[in-house]
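# Just need the structure, nothing else, for what follows:
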Amino acid sequence: MKMMTTMTMALAALFTAGAAMAQIQATIITPEGRRIEGSVRWKPGEKKYAVTQKGKNVEMAMDPANVKDIEVARPNELVAAIDKVRQGDAASAIPMLEKVAKDYLMLKWDRVATRYLAEANLKDGNYEKAISVCETIIRSDPKAAYLGDMAPCYWQALLKKGKTSTVEDLLAQAIKSGDRAASAYAQIMRGDVILLGGDTADNAKKALRDGYLRVITLYKAVRDAQPEALYKAAKCFDKLGQSSRADQMRTQLKSEFAASEWAKK
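Presented below is the predicted three-dimensional model:
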């Protein structure tokens, strides 16, 4: 973290709203390896960290260029909010995620909170807000539209708003990037796009061939993508009347990924 990244700059613009940031206990590591423990907050107006070193009462300003890394414990409220999103209680998770993103601005966990904030808005049916949250980041970091944890949420929100051609362009970029995780999620989304063409057997076959089964067979190492691919493959096999194949997908889903939201559907 030798300098302020474009993504964190975008987050700073999104969550400051003129209010003072919370004081968070953290350890700053300088480029020289010095460790500074104390309370830390981000001062958006000055674009500097305000640090009150442990055992001292004097606040000092630190430029992001003088901060190599920051060690800060994951906030309990972020864990709780993520659990709510995964359990389908997105509406109550949103204010929690907004608070973490604001309190931990430029302190590592703001990015994680923002990623789940986009997902929470998506699950809550607020597609415009999900797109807005994502595009605040994408304006400064264009690759975030097709790489990273946030990208699949962005694609889903765009698809819900009927922006299919935009999604297809982003999927092509994700696959072309060579990033295995991005490619796996792009294959799943490709299956979703195919099914939007109509609830037909031909589309179910194509979604399996060009989407879900590719992830299951070719991207096994991308474990996080497997539950969704298995669930959607089972649904396609149901459509085709291939109940034994559908049961095979569901058995694998429930045996290997029982804790996933897809296994609970």
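# Quick check: buried residues in the lengthiest strand in the chain?
Longest strand in the chain, counting residues (DSSP state E): strand 35-43. Buried residues in strand 35-43, counted by 16 or more other C-beta atoms under 10 Å: 36, 38, 40, 41, 42, 43. Heads up, the C-betas are built off the backbone N, CA and C, glycines and all.
# Can you name every helix or strand that the following helix or strand past it contacts?
As assigned by DSSP states H and E, the chain's next helix or strand after strand 35-43 is strand 48-53. Using 3 or more C-beta pairs under 8 Å, 6 or more residues apart in numbering; DSSP states H and E as the contact criterion, the elements in contact with strand 48-53 are strand 35-43, strand 59-62.
# Residues contacting strand 48-53, please?
23, 28, 36-43, 58-64, 67, 106 (C-beta atoms under 8 Å, 6 or more residues apart in numbering).
# now do stretch 245-255
Taking C-beta under 8 Å, 6+ apart as the rule, stretch 245-255 contacts 216, 227, 230, 231, 233, 234, 235, 237, 238, 260, 262, 263.
# quick one: it to chain centroid distance?
On the basis of C-alpha atoms, centre = their mean, to the nearest Å, stretch 245-255 is displaced by 26 Å from the centre of the chain it belongs to.
# Give me the phi and psi for residue 151.
phi -60, psi -50 (degrees, to the nearest 10).
# Let me know how buried it is, in neighbour terms.
Around residue 151 there are 27 other residues, counting by other C-beta atoms under 10 Å.
# same check, this time on the one 5 residues further on
Counted by other C-beta under 10 Å, the residues lying close to residue 156 total 20.
# Could I get the contacting residues of it?
Counted by C-beta under 8 Å, 6+ apart, residue 156 has contacts 122, 130, 189, 192.
# how about the strands in the stretch 51-200 of the chain?
Along the stretch 51-200 of the chain, the stretches classed as strands by DSSP state E, counting those that start in this stretch are 59-62, 69-71.
# In JSON lines: the ones you listed, plus mean pLDDT, distance to residue 208 and mean neighbour count.
Listed next are these as JSON lines, based on pLDDT from 0 to 100; distance: least, C-beta to C-beta, whole Å; neighbours: other C-beta atoms under 10 Å:
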{"stretch": "strand 59-62", "mean pLDDT": "92", "distance to residue 208": "53", "mean neighbour count": "14"}
{"stretch": "strand 69-71", "mean pLDDT": "94", "distance to residue 208": "44", "mean neighbour count": "15"}
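# okay, those in CSV with distance to residue 143 next?
Formatted as CSV, those follow (distance: least, C-beta to C-beta, whole Å):
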stretch, distance to residue 143
strand 59-62, 28
strand 69-71, 22
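# What count of nearby residues applies to residue 110?
Residue 110: 25 surrounding residues under other C-beta under 10 Å.
# same check, this time on residue 152
Residue 152: 24 surrounding residues under other C-beta under 10 Å.
# what about it, distance to residue 80?
Per C-beta to C-beta, to the nearest Å, residue 152 is found 23 Å from residue 80.
# Over to residue 197?
Per C-beta to C-beta, residue 197 is found 39 Å from residue 80.
# rewinding a little: any idea which of the strands of the stretch 51-200 of the chain gets closest to residue 179?
Nearest to residue 179, of all the strands of the stretch 51-200 of the chain, is strand 69-71, at 23.6 Å by C-beta to C-beta.
# so what strands line up beside that closest one?
strand 24-29 (antiparallel) (DSSP bridges).
# Can you tell me which of the buried residues of strand 35-43 is nearest residue 204?
Lowest distance from residue 204 to the buried residues of strand 35-43 (C-beta to C-beta) belongs to residue 42, with 49.3 Å.
# Now the closest one. Nearest residue, chain neighbours left out?
Sequence neighbours aside, residue 106 is the residue nearest to residue 42 in space, at 4.0 Å (criterion: C-beta to C-beta, 6 or more residues apart in numbering).
# ditto for residue 77
Counting by C-beta to C-beta, 6+ apart, residue 77 lies nearest to residue 96, which is 5.5 Å off, once chain neighbours are set aside.
# Since that was my last question, I'll sign off now.
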